[in-house]
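S.K.: fold the following, please.
(one chain, ligands or ions: 1)
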Amino acid sequence: MQVELLKELVRTIAGKDTEAIVDILGSEKSVNEFKIAEKLKLTINQTRNILYKLYNQNIVSFTRKKDEKKGWYIYFWVLNPLKSLEKLLNFKNKELYDLEHQVKSKENKHFYICASDSLEFNEETAIHHDFICPECGQLLQLATFDKKIEELNARIKKVKKEIIIVDVELAKIKEIKQKELEKEIEKKKRLQKAKRARARKQRKKAKAAANPKKKSKKKKKSKSKKKKPEKKKPKKKRR
Ligand SMILES: [Zn+2]
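M.R.: Take a look at the predicted model:
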C-alpha cells in the first residue's frame, strides 16, 4: 500500500488531521468505530463525519453487527484498497492536468508585477493602468515566471512518478482480484460437477427402488386398462 499517497488522498477528501485513519485502517481487518474515535482522539460523531465523507467516495466500507447486550448496531470500517487507488489515480491525473495548464498559461501569457507590493496583473489590466501600479503608482515590470515554471515542472515530474507508482500498485491488486475470481469460478465448477454426479447416483438408486420386479409393472398396466366410469347422461325432464 502507498500509505503516504493514501494519506494525501484522505486529507484532500476529509480535511486536515484525518490522515491517521489510513494507519488505523491499514490492515485488512475491519475496525470498530469506537476504537477509531479513540485512536483519532475525536468524538464518535466527528469520527463518523470523517468516515462518511470517505465512504461517499468509496474509500472505506463498513459492516455492522448488533450488540446483543445494548441492542444497537456497531459499525466496523475497512479501507477499500482498489477503490482508494483508483480515486488516487483520478486525483493525481487531475493534479497533473492542472499543473500543466498552469505552466502553459505562465509560458504563453504576459504578466506584470509591481516590485514594491508584489501585485500581479494580466496584460489587459496592466495596459488599462498604463503600466502603473494602481496601489502605489510604481511602474509595473514584465514578470518572468521562470522560477515558478521551474517549480511547476518539478512538481509535474513528481506527480508523473506518483502516477506510475499508483498504476503499478493498482495492477497488482487487480491481478490478485482476478486470480481470486478465477479460483472461485473453478471451485463453483467443481462443486457443480460433484452435485451433478450425486444427483445421477440418486436417480439411479430411485429408479432401482421404484421397479424392483416386473410384477408391479403388470399390475400397473391392468389398472390402466380399467374403464373409467362413464358419466351418467342427464335424464330427460318429463314434460
Ligand atoms: Zn504597487
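
S.K.: relative to the ion, how far out is His101?
M.R.: The gap separating His101 from the ion is 28 Å, by CB to the ion, to the nearest Å. (Each C-beta comes from the backbone N, C-alpha and C, glycine too.)

S.K.: what about that residue, how many residues close to it?
M.R.: Neighbour count for His101, taken as other CB atoms under 10 Å: 11.

S.K.: in contact with the residue nearest to the spatial centre of the chain, which residues?
M.R.: Centroid-nearest residue in the chain, with CA atoms, centre = their mean: Lys83, separated by 3.2 Å. Residues counted as contacts of Lys83 (CB atoms under 8 Å, 6 or more residues apart in numbering) are 57-59.

S.K.: any chance of CSV for these, columns neighbour count and pLDDT?
M.R.: Supplementary listing: the contacts of Lys83 in CSV, determined by neighbours: other CB atoms under 10 Å; pLDDT from 0 to 100:
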residue, neighbour count, pLDDT
Gln57, 17, 92
Asn58, 13, 91
Ile59, 26, 92
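
S.K.: just the ones in helices from the residues you listed, please.
M.R.: Judged by DSSP state H, helices contain none of these.

S.K.: for the residues you listed, which one is nearest the ion?
M.R.: Using CB to the ion, Gln57 is the member of those that sits closest to the ion, with 43.3 Å.

S.K.: if I look at the closest one, how far off is His101?
M.R.: 24 Å (CB to CB, to the nearest Å).

S.K.: what is the helix or strand encompassing Glu151 packed up against?
M.R.: Glu151 belongs to helix 146-210 when assigned by DSSP states H and E. For helix 146-210, the packing partners by 3 or more CB pairs under 8 Å, 6 or more residues apart in numbering; DSSP states H and E come out as helix 3-14, helix 81-108.

S.K.: list the buried residues of whichever helix or strand comes after the longest one.
M.R.: Think helix 81-108. Where DSSP H and E defines the elements, the next helix or strand beyond helix 81-108 is strand 111-113. By neighbour count with 16 or more other CB atoms under 10 Å, strand 111-113 contains the buried residues 111-113.

S.K.: near the ion, which residues of this structure show up?
M.R.: Contacts of the chain with the ion, taken as CB under 5 Å from the ion, map to 114, 116-117, 133, 135-136, 138.

S.K.: nearest to Leu42, of the contacts of Lys83?
M.R.: Using CB to CB, Ile59 comes nearest to Leu42 of the contacts of Lys83, at 17.7 Å.

S.K.: and the closest residue to the closest one other than its chain neighbours, how far from Asn58?
M.R.: Of all residues not flanking Ile59 in the chain, Ser84 sits nearest, at 4.9 Å (CB to CB, 6 or more residues apart in numbering). According to CB to CB, Ser84 stands 8 Å off from Asn58.

S.K.: do the same with Trp72
M.R.: Counting by CB to CB - Trp72 and Asn58 are separated by 26 Å.

S.K.: could you do Glu180 as well?
M.R.: Using CB to CB, Glu180 is found at 19 Å from Asn58.

S.K.: ChimeraX command to pick out the buried ones of the residues of the chain next to the ion?
M.R.: Restricted to buried positions by 16+ other CB under 10 Å, the ChimeraX selection for those reads:
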select :114,133
